[in-house]
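Novice: The following block contains a protein sequence and its predicted model.
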Amino acid sequence: MVIIMFVYTTTTTNGQQESQENLLKILSDTGRRIPFVISQCQLKYENCLLDVNDADKLDTLCRVYSRLRDCLLIVNQDTICLSIELKQHLQKMRQLEYNACGVPSTPLNTVVSSSASSSSYLLFSTNKSYSILFVHKFRLREKSLVSRTEESSNSTTSTTSKADYECLCIGSQNIGTRKPVIKLKVISLFRRVLVLSDSLIQLLDSDSLQPIPNIKIKNVLIFSVKETSINRTVDPQFIEICVSTKKNKLQIHRLDKTSINLTYELSVQDAITMIGMDDYGIVACTESQYLSYNPNDRRGTLQNIFTLDEYTNPYFTRVNSGEFLLNGPNVGVYTTIDGTSQRAPIMWLSQPYSFLYSHPYIIVIVKDHVHVYSFLDDKLKQEIPLKNCRTVTYLQQQTSPNSIIITTKDVIYLLEPVTLEEQIEQLLTAYRLQEALTLAESSSSPSSDRLIQLTKKRIGLIEFTALNVVRAFQLFIEADVDYHDIVAQIPNCLPLISPWPLSLITGDNHQLKTQYLQWLNTLYDYMTQRKFDFILKPDYHLVLLKAMMIIKLDDIPNFIQEYFTKIPLEFDQTLIEANMYHYSCLLNSYKGNQEQALNQWKRLISNELIDDKFPGVQFVCEHVIERINDRQLAANFTEWLLTYDENLALKIYTEKYDSEELNDPFRSDRIIECLRSNSTILTKYLEYLVFQQSKEVKKDNFQLYYIKYSFLLQRESLHTMLVNVYLDKLLREHQNVTIDQDETNEIRKKLQTLLITSNSYRVQHVLTRLNQSDLFRREVALLYGKMNDYTQAFKIIVNELHDYIYAEKYCVYISYDKTIENRQHLFHTLFKILLASLNSDSEKISNAIKHLLGNSDAEFDFIEILQLLPSSFSLTSLIDILSHVIRLNSHTQRSKKIESSLCRVQNENLKRKLNICQKPCTKLTETRQCAHCFSQFYEPIFVLYNDGTIVHVQCARDFRQID
């Protein structure tokens, strides 16, 4: 409930109404968006007398009220009084009656107070210079004034509206005093009204305005109610009132619903003119000084804050708990109850009459103006022209808690604050960002957190647009900004599937490119830092990819590979329009559109399309091997690639080879057909199939069974084909005059390795071809060895090639997988052939025989060998061989003995374990006793002796008979 009390005598004249309209017009002509808007709330005296019943309640002793009452009774009895002319005549009669009684036409004094409840009410105190004092109660409510103007020319209607207030009198009360009311205070919690008039505080009921009997305080100059007690959410049982009396006493009373009691009293030297009180203490002022009282101070006396000069109006207001703003010489001083100041003073533009704190502003009444200072930076923010201002107070209501009531000589104005949101919007529009943020952070409303977050977001976006990206990034983090709002600030970024301008990508406009780099780097860093908050949004990865097109080109391939499922296929057109053909191919390939990707890669390889970020054909080859699942598509691309890079095409053929199924495009016979025109690539492919793929077949038994019938037959032809290819190359190089000996040796080494290791080529066919030339005698010897004709093979190597070392190595190699008897046979054969050829080259062959007999990998029957040795071999020359034989024989004998001993020990251990297992189990019953103490066993734990007796573990320890 809003209650306002004031003193008035006459109604508002037409001249006054006109001046008010001019005042509003002047305010509207300032051209500024002010944080406070004045709404006129003018209360007219005639509202009290619109009802004849109200007129009957008036005091008949008053000449004015009596004569007006009679006039109303007469006029209201006639139905003609409803006409406008009679109502106007009634108003003239009232004015004449006022003039006849000598009553002035303007109010003498106005005292206003208000209180908030479910409805809005106003209380006014009316004082006549010749009469007793009345308190009137009005209901204040907002209404909408709608004016319609019909235009006859086009039959259109225009409607304009503005907010206004209406006040209706709902009650009056004579308080029984004849002096003006000094102060009114409404206490909503107890539904009481404190009225100070004629040095007497009376208590009225705020609903009926009836006096509360036997509750009065006399000899009072001024009083104050403890402010924080009024604002409590839980109803207190009492409130405290600080009173200044005529006897220079400062008293503290406790007021409840039924009584008022004195609790504390202080003595003062001078009369107190103003008091303020809260939970922390009391601040008071006299004509010359400010005083404070701290209830926690042990001294228990008023302390002087500072002294005033004769030109300073003593006035103060409360700004925070325990903090007050005091009027000083051209400054406003902030002070606490202890007399200390935590803030710099406010420099007044003019000496104030009174002021009031309304967060976050200080409303100051000066001569013919209302000044609005910011509490945050102590600067003057607004100046409202308003003449003859007298008082300023709060209008406590739920709809507008910060509304201010200002009274002038004859009018009451309502100052409605512009909402913080609108004030912040004005500051942001003027690019006063720090002020806007400070204003938002100063808010104490329940929605202050949301307002702060919204303000930080707005400031961050403004700073972002202005390229202050460091500050913007910090505000984005603090305000939890959605990245969509940031994207909307970047030109050409939306829609996301639209391309960037080519000048931006190529960097022709350096200044524009620098701006976008700052914007997009900030966006990218913010989104990656808040990854876990945004990753579930459908366009998160698409926004990142579009930003990377400018700032992180090199990271796009890995990004597409990892998050291609989150990127729509339509984005490939955006990449193409930006000349990023390679990235478009990657996106198409990962999304399953592999044919289009390969076709575009073909154009890049053939230089039909130019892309600086294309890594080359090597990348495409690896991608086909790892990513292209369509084998027919991969085979077609590889066949096309043969014309550009044969080695990479061969790599795809070898890596993609999987099986010999008829429908497999990478089947070996099909690939061989494609490679017949190029012998070099064909040789490499056959080497892969023969050497590498054969090893895989040997390692994988399952694969061996899979291709047991289909591949083995074909492998014979492959091996034979590879042998023929090697032979053709060797023959061609032999006929070439500029022969490369190293290459020839390499090819011949591969041929010999194939002849030794492979068992799949057609031996007779190869042997027939080798015998056609004398160049391949070593290969002929290897073929005889492949046919198990080792005698012939050794003869060719020893007698024709005279390569004794090779003969020994060859004999060792072919003896690895054979039994001891076969091994001895091979080495004896080679020994005999060397021995038979001793006469041809005795020295070299003798050395070869000695080296063969000393080879640790050879297997000989030395008794037989020693008998075959010729007598020409001296004992001295055979000492190394004999020493080797003795060591070998000793090692063999010792190994046999060690092996026999190990077998015997293992046998004994097994027998012992068997005896333990076959030994009968020991039964423990309740009647069985310990062999030492003859007591029963209470636990299944005991010691078993060799003779079968059992004892307790502790008994066994005592007798020390545990084994």
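Specialist: Great, that's in hand.

Novice: Low-confidence regions, the stretch 101-250 of the chain specifically.
Specialist: Low-confidence regions of the stretch 101-250 of the chain, defined by pLDDT under 70, span residues 101-132, 143-165, 228-235.

Novice: can you list the domain ranges for the chain.
Specialist: What the TED database lists as the domains of the chain is 40-72, 181-400, 564-660, 684-693+708-754+763-785, 920-962.

Novice: Tell me which of those sits nearest to residue 136.
Specialist: Residue 136 lies closest, by C-beta to C-beta, to one member of the domains of the chain: domain 40-72, at 6.1 Å. Where you see a C-beta, it was placed from the backbone N, CA and C, and this is true even at glycine.

Novice: residue ranges with poor pLDDT in the protein?
Specialist: The chain contains residues with pLDDT under 70 at 1-132, 143-165, 228-235, 396-401, 693-714, 737-739, 961-963.

Novice: Sketch out the helices for the stretch 651-800 of the chain, chain order is fine.
Specialist: Taking DSSP state H, counting those that start in this stretch as the criterion, the stretch 651-800 of the chain contains helices spanning 668-675, 679-687, 693-699, 701-706, 710-735, 741-757, 763-770, 777-786, 790-795.

Novice: hmm, back to that, want to throw the domains of the chain into a markdown table with mean neighbour count?
Specialist: Below are those laid out as a markdown table (neighbours: other C-beta atoms under 10 Å):
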| stretch | mean neighbour count |
| --- | --- |
| domain 40-72 | 17 |
| domain 181-400 | 17 |
| domain 564-660 | 18 |
| domain 684-693+708-754+763-785 | 16 |
| domain 920-962 | 12 |
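
Novice: what's the closest of the ones you listed to residue 877?
Specialist: domain 684-693+708-754+763-785 (29.2 Å).

Novice: what's the spacing between the closest one and its chain's center?
Specialist: Domain 684-693+708-754+763-785 sits 67 Å away from the centroid of its parent chain (C-alpha atoms, centre = their mean, to the nearest Å).

Novice: Could you tell me the end-to-end distance of it?
Specialist: 27 Å (C-alpha to C-alpha, to the nearest Å).

Novice: circling back to that earlier point, now render the domains of the chain as a markdown table, adding distance to residue 673.
Specialist: Output for the domains of the chain, formatted as a markdown table (distance: least, C-beta to C-beta, whole Å):
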| stretch | distance to residue 673 |
| --- | --- |
| domain 40-72 | 102 |
| domain 181-400 | 87 |
| domain 564-660 | 11 |
| domain 684-693+708-754+763-785 | 11 |
| domain 920-962 | 78 |
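
Novice: Out of the ones you listed, flag the one nearest residue 874.
Specialist: Nearest of the domains of the chain (C-beta to C-beta): domain 684-693+708-754+763-785, 32.5 Å.

Novice: if we can go back for a sec, out of the domains of the chain, which gets nearest to residue 453?
Specialist: Closest to residue 453 of those, according to C-beta to C-beta: domain 181-400, at 18.3 Å.

Novice: one step back: so can I have JSON lines of the helices of the stretch 651-800 of the chain showing distance to residue 817?
Specialist: Below are those laid out as JSON lines (distance: least, C-beta to C-beta, whole Å):
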{"stretch": "helix 668-675", "distance to residue 817": "28"}
{"stretch": "helix 679-687", "distance to residue 817": "24"}
{"stretch": "helix 693-699", "distance to residue 817": "13"}
{"stretch": "helix 701-706", "distance to residue 817": "18"}
{"stretch": "helix 710-735", "distance to residue 817": "19"}
{"stretch": "helix 741-757", "distance to residue 817": "12"}
{"stretch": "helix 763-770", "distance to residue 817": "18"}
{"stretch": "helix 777-786", "distance to residue 817": "13"}
{"stretch": "helix 790-795", "distance to residue 817": "14"}
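
Novice: right, and those - which one's nearest residue 815?
Specialist: helix 790-795 (9.9 Å).

Novice: And that closest one, what does it pack against?
Specialist: Applying 3 or more C-beta pairs under 8 Å, 6 or more residues apart in numbering; DSSP states H and E, we find helix 790-795 packed against helix 777-786, helix 804-814, helix 820-836.

Novice: thinking again about what came up before, which one of the domains of the chain lies nearest to residue 140?
Specialist: domain 40-72 (6.6 Å).

Novice: Please identify the buried residues of the lengthiest helix in the chain?
Specialist: Longest helix in the chain by number of residues, with DSSP state H as the criterion: helix 879-918. For helix 879-918, the neighbour count (16 or more other C-beta atoms under 10 Å) marks 881, 884-885 as buried.

Novice: could those go into JSON lines alongside distance to residue 270?
Specialist: Shown next, in JSON lines, are the buried residues of helix 879-918 (distance: C-beta to C-beta, whole Å):
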{"residue": "881", "distance to residue 270": "136"}
{"residue": "884", "distance to residue 270": "131"}
{"residue": "885", "distance to residue 270": "135"}
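
Novice: just the residues you listed now: which is nearest residue 820?
Specialist: residue 885 (16.3 Å).
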